[in-house]
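[1] predicted model follows, preceded by the sequence.
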Amino acid sequence: MTYQGWTLEPNEVLAMPIDELGLRILADVQASGSDYLPNEHTWLTMLGQIYGATSAALRACSEAWTWLRSRTLVACDPTQGYAAGFVFITRRGLEVLVRGAGYLRAVERLDVALHPALEGKARPQFLRGDFETAVFVAFKEVEVRVRKGSALPTHC
């Protein structure tokens with residue numbers, strides 16, 4: 001865990017949207033030089049020494065940890081014991097650190113049922129982060145369906 005890079009003042013923490021704060025925490029965990037954090041509770045305890053154990057900023061950081069877990073950006077480290085709060089940055093978490101919050105928002109927005117033709121062709125491309133190909137494949141599928149429905153020739 002690192003606090004050299006944690007320069008946020010309590011009022012800054014409270015003004016941040018929960019997702020932005022969560023990603024700042026995730027970046028702090030990554031900056032520790034390891035993909036796992038010894039203990040989430042320890043991280044919050046150490047921050048409590050900076051902000052004060054009952055501060056609203058500390059509670060906001062705890063909320064951000066919950067947000068990280070709910071988005072599967074961190075998970076319990078099975079090699080360290082589930083009950084102790086040991087965590088690691090997940091594959092998705094590492095991807096979000098590289099690609100940014102926009103990537104996470106896009107993936108969450110596409111978490112809906114798609115037409116079967118798009119489910120097998122466009123979604124895999126999208127989830128791999130190949131958005132350009134995913135859009136091309138989706139539009140191609142729409143074009144094919146429109147041609148079939150209108151009895152137009154399959155090539156021009």
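    Happy to help now that I have it.

[2] CA atoms for contacts and neighbours, from now on please.
    OK.

[3] gap between P124 and R145?
    Per CA to CA, to the nearest Å, P124 is found 20 Å from R145.

[4] burial check on N11, number of neighbours?
    Here the count is done by other CA atoms under 10 Å, and N11 has 10 residues near it.

[5] what residues are up against it?
    A57 (CA atoms under 8 Å, 6 or more residues apart in numbering).

[6] buried residues, the particular helix or strand that has it in it. List them.
    Taking DSSP states H and E as the criterion, N11 maps to helix 10-15. Neighbour counts over helix 10-15 (16 or more other CA atoms under 10 Å) mark P10, V13, L14 as buried.

[7] one more: stretch 114-122?
    L118, A122.

[8] where does that stretch sit relative to the chain's centre, distance-wise?
    23 Å (CA atoms, centre = their mean, to the nearest Å).

[9] just put the buried residues of helix 10-15 in a markdown table and tack on distance to S55 and pLDDT.
    A markdown table is the format used below for these (distance: CA to CA, whole Å; pLDDT from 0 to 100):
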| residue | distance to S55 | pLDDT |
| --- | --- | --- |
| P10 | 8 | 89 |
| V13 | 11 | 92 |
| L14 | 10 | 93 |
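
[10] how does the protein divide into domains?
    10-99, 110-150 (automatic domain parsing).
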